[in-house]
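Peer 1: fold the following.
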Amino acid sequence: MKKLSALVLALIAQVAFADQPTPEATASALLDPVKSAQIAQDPKAAVAAMTNLMDPATSIAMMQKGMDPATYTKMAQAGLSPDILKAYAAFADPAVSMKWLAASMDPNFYMAAMAPFLNPNMYMKWMMAPLDPRVLNMALSGLNPNLYMNWALAPLAPANMNLMMAPLNPNLYTQWAGAAANPATYGAWGSFMNPATYGNIVNPFAAFIPTPAAPAAPAAK
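Peer 2: Numbers count the residues shown, from 1 in each chain. This next block holds a predicted model:
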């Protein structure tokens, strides 16, 4: 009976997250300040990310990426991009709050969040994680001189050189100013910044303003 219950719970977890991203994709998204904010805006994406965090493959992928200096270069590039303003300004959008409010009242949301904790395969994966070849390779990476060479040459990498010169580029500030002035950046609140919103309001003084008569057509000869 216990085996049957475990199999049923595992099947439920597998079906509930059949379309979730891979652990590697989740690790990449969580290490990106823009994508991680976008995940937090969607309850379904947040639950899928939490489910993958229960999988040791996600933690292993994040540790592997943490040993690569290019990972931190990408994080800094995302921090300088105006996309990060759009990502975090979206939290002020009432639509995001309504999504989470609707999810908090949905029993399926709680079942999906509890599914990975009820899946015995997850606990088996963590027990076997120390023997994972990726973990063993990371443990031996300290003996690889290429690891230290990559970090020593990181300041001279073209991507990092461009990153250091980015504050001197006036286009960076133009893009930030454009994103800050764009009503679409703020979601529903952006309508208050959009002049077209007020142009569509009916003028209350229109009844007191005389409408000029159209010129009469010339008489036909």
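
Peer 1: strands along this structure, start to end?
Peer 2: With strands called from DSSP state E, the chain shows none.

Peer 1: by mean pLDDT, flag the weakest helix or strand of it.
Peer 2: Least confident helix or strand, the chain: helix 2-16 with a mean of 44, by mean pLDDT, DSSP states H and E.

Peer 1: ok, Pro94 - contacts?
Peer 2: Gly187, Ala188, Trp189 (CB atoms under 8 Å, 6 or more residues apart in numbering). In short, each C-beta sits where N, CA and C put it, glycine included.

Peer 1: only whichever of those are buried, select them in ChimeraX.
Peer 2: Restricted to buried positions by 16 or more other CB atoms under 10 Å, the ChimeraX selection for the contacts of Pro94 reads:
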select :187
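
Peer 1: can you put the contacts of Pro94 in a markdown table and add pLDDT?
Peer 2: Shown next, in a markdown table, are those (pLDDT from 0 to 100):
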| residue | pLDDT |
| --- | --- |
| Gly187 | 75 |
| Ala188 | 73 |
| Trp189 | 72 |
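
Peer 1: pLDDT score assigned to the closest residue to Ala45 other than its chain neighbours?
Peer 2: Closest residue in space to Ala45, ignoring its immediate chain neighbours: Ile39 at 4.7 Å, by CB to CB, 6 or more residues apart in numbering. Note for Ile39: predicted pLDDT of 93.

Peer 1: isn't Ile39 right up against Met50?
Peer 2: No - assessed by CB atoms under 8 Å, Ile39 is found out of contact with Met50, at 9.6 Å.

Peer 1: please say which of the two ends up with more neighbours.
Peer 2: Of the pair Ile39 and Met50, Ile39 is the one with more neighbours under other CB atoms under 10 Å, namely 22 against 15.

Peer 1: for that one, give me its contacts.
Peer 2: Ala29, Leu30, Ala45, Ala46, Ala49.

Peer 1: where's Ala90 relative to Met138, distance?
Peer 2: 35 Å (CB to CB, to the nearest Å).

Peer 1: for the residue lying closest to Ala159 once chain neighbours are set aside, grab the count of nearby residues.
Peer 2: Nearest non-adjacent residue to Ala159, counting by CB to CB, 6+ apart: Thr73, 5.0 Å away. Residues lying near Thr73 (other CB under 10 Å) number 16.

Peer 1: next, count neighbours for Leu85.
Peer 2: Neighbours of Leu85 using other CB under 10 Å come to 17.

Peer 1: tell me the pLDDT at it?
Peer 2: 91.

Peer 1: use 387 as the first number from now on
Peer 2: Okay, using 387 as the starting number, the last item reads as Leu471.

Peer 1: surely it meets Trp562?
Peer 2: Yes - counting by CB under 8 Å, Leu471 touches Trp562, with 6.9 Å between them.

Peer 1: surely Lys421 is in contact with Ala415?
Peer 2: Yes - if you go by CB under 8 Å, Lys421 and Ala415 touch, sitting 4.1 Å apart.
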